[in-house]
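Asks: Sequence plus predicted model, see below.
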Amino acid sequence: MNTYTIIIIFLLLVILFSSWVSVQQGTIAVTTIFGKYRRMLLPGLNFKIPILEKIHTRISIQNRSVELEFQATTLDQANVYFKAMLLYAVLDSNEEVIKNVAFKFLDEKNLMQALVRTVEGSIRGFVATKKQSEVLSLRNEIVEDVKSQIDHTLESWGYHLIDLQLNDITFDEAIMRSMAQVVASNNLKAAAENEGQALLITKTKAAEADGNAIKITAEAERQAARLRGEGVALFREEVAKGLSTAAREMHQANMDTSVIMFTMWTESIKHFAENGKGNIIFLDGSSEGMKRTMEEIMSISLMNKEK
C-alpha cells in the first residue's frame with residue numbers, strides 16, 4: 001500500500017466521522033449550506049452532509065431567565081425603581097419558529113438587549129399613566145399589561161413570555177419616608193378608633209350592668225315591701241282573731257274585757273324595755289298613772305257596751 005492510498009483512506013475516514021453530529025437533549029441544531037438554511041437537527045446522533053452542511057447555531061428550547069433593574073416615572077413625577085425576573089422560552093419546536101429564533105437576531109446578546117428594552121418600555125408606559133400611590137397595589141395589573149403588549153412581538157421572534165415577576169418596587173428616599181409616615185399615622189388613627197370603640201363597648205356594658213343591677217334591686221325591694229305588707233296584714237289579722245277569741249271567752253266567763261287592753265298595754269311596755277336598744281321612752285309608772293290608765297280603759301269599755 002503506497003502513501004497516496006493511505007492519505008486517501010485517511011481523508012475518507014475524516015469525512016466519514018465528520019458526517020455525524022451529536023445534539024444534546026433540550027437543544028435543536030440548525031444547519032446551513034453555503035450560508036442558506038438547510039434543516040434542523042433534533043437531539044441525538046444526526047447525519048449531515050460532509051464539508052457542505054455546517055452547524056449554524058444550537059438553540060436551547062429550555063426555559064431561560066434574566067434579571068432586570070430599571071427606573072420608571074409615574075404620572076405625578078415620582079421615580080419608581082423596579083427589580084424584576086423575566087422567564088421566557090422558545091415558543092415550540094416548529095420549523096418556522098426555530099428559523100425565526102436562529103436568524104432574527106445576530107446573536108444572543110442582541111436578542112437579550114431587545115427583549116429587556118421591550119419589557120422595560122412596556123412597564124414604563126404603564127407606570128406613566130398611574131400615580132405613585134397606585135403603583136404598589138398594581139403588581140398583577142402591570143404584569144398582565146406587559147404580557148398583553150409584548151406577547152405578539154415575542155412570538156414573531158420565536159419566543160414566549162412565561163412569567164414576569166416584580167420582586168421589588170421602591171421609590172426615592174423622601175417618598176419612602178413620607179409613605180412610612182402616612183402608614184404610621186393611619187395605624188395610629190386605627191388604633192385610636194379601636195381604643196375608642198373598646199372604651200365605648202366597656203362603658204356601654206358597664207351602664208347596662210348598672211341598669212340591670214338597679215332593676216334587680218328595685219324588683220327585690222318591691223318584692224320585699226310586698227312581703228312585709230302581707231306580713232303586717234297577716235299579723236294584724238291574727239291579732240284581731242286573737243283579740244276576738246279572748247274577748248268572747250272573757251264575756252262567757254262574765255269578766256271585764258278591759259283587762260285584755262291592760263294586758264296588751266303592759267306587754268307593750270315590756271317589749272319596749274326589752275327591745276328599745278338604748279332608745280328613751282317616757283312612761284308614768286306611778287300608782288296614779290296606772291289608775292288613770294285603768295279609768296281610761298274602763299271608759300272605753302263602757303262606751304263600747306253602750307253602743
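Replies: That came through, no problem.

Asks: ok, Thr3 to Ile9 distance?
Replies: For Thr3, the distance to Ile9 (Cβ to Cβ, to the nearest Å) stands at 11 Å. Every residue, glycine included, has its C-beta placed from N, CA and C.

Asks: Repeat that for Ala273.
Replies: The value you get for Ala273 to Ile9, if Cβ to Cβ is used, is 155 Å.

Asks: same deal with Leu52?
Replies: Computed as Cβ to Cβ, the Leu52 to Ile9 distance reads 21 Å.

Asks: So for Thr3 and Ile9, which residue has more residues nearby?
Replies: Ile9 (11 against 7; other Cβ atoms under 10 Å).

Asks: what's downstream of the helix or strand containing that one, the next helix or strand?
Replies: Under the criterion of DSSP states H and E, Ile9 resides in helix 3-18. For helix 3-18, the following helix or strand on the C-terminal side (DSSP H and E) is strand 20-23.

Asks: Show residues contacting the helix or strand that that following strand is followed by.
Replies: Later in the chain than strand 20-23, the nearest helix or strand by DSSP H and E is strand 27-33. Strand 27-33 is contacted by residues 21, 23, 37-43, 46, 48-49, 52-61, 93, 98-99, 102 when judged by Cβ atoms under 8 Å, 6 or more residues apart in numbering.

Asks: Each with direction, which strands does the next helix or strand after strand 27-33 pair with?
Replies: Once strand 27-33 ends, the next helix or strand along the chain (criterion: DSSP H and E) is strand 36-41. Strand 36-41 has its sheet partners listed here by DSSP bridges as strand 27-33 (antiparallel).

Asks: Tell me the buried residues in the partner strand?
Replies: Residues 28-32 are the ones in strand 27-33 that count as buried (16 or more other Cβ atoms under 10 Å).

Asks: What count of nearby residues applies to Lys123?
Replies: Rather than Lys, residue 123 is Ile. 23.

Asks: Any figure for the gap between it and Asp151?
Replies: Plainly put, Ile123 is 14 Å away from Asp151 if you go by Cβ to Cβ.

Asks: how about the helices in the stretch 51-200 of the chain?
Replies: Per DSSP state H, counting those that start in this stretch, the stretch 51-200 of the chain carries helices over the ranges 95-103, 108-127, 132-135, 139-157, 173-252.

Asks: Now that we're looking at Thr257, what pLDDT does it have?
Replies: Note for Thr257: predicted pLDDT of 61.

Asks: Can you pull out the low-pLDDT segments for the stretch 1-150 of the chain?
Replies: Across the stretch 1-150 of the chain, the ranges flagged by pLDDT under 70 are 1.

Asks: Next, the contact list for Arg206, please.
Replies: I think there's a mix-up here, since residue 206 is Ala and not Arg. With contacts defined as Cβ under 8 Å, 6+ apart, Ala206 has no neighbours.

Asks: Can you tell me which residue is spatially central in this protein?
Replies: Ala190 (13.7 Å; Cα atoms, centre = their mean).

Asks: List the buried residues in stretch 130-145.
Replies: Applying 16+ other Cβ under 10 Å to stretch 130-145 flags 130, 132, 135, 138, 142-143, 145 as buried.

Asks: Looking at these, which is nearest Glu208?
Replies: Distance to Glu208 across the buried residues of stretch 130-145 (Cβ to Cβ) is lowest for Leu138, with 47.2 Å.

Asks: Can you list phi and psi of that closest one for me?
Replies: phi -120, psi 30 (degrees, to the nearest 10).

Asks: if I look at it, how far off is Lys131?
Replies: 10 Å.

Asks: try Ala29
Replies: Counting by Cβ to Cβ, the gap from Ala29 to Lys131 is 51 Å.

Asks: do Ile216 as well
Replies: With Cβ to Cβ as the criterion, Ile216 and Lys131 are 60 Å apart.

Asks: one step back: redo the buried residues of strand 27-33 as CSV? Include distance to Asp210.
Replies: Listed next are the buried residues of strand 27-33 as CSV, based on distance: Cβ to Cβ, whole Å:
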residue, distance to Asp210
Ile28, 85
Ala29, 90
Val30, 89
Thr31, 95
Thr32, 96
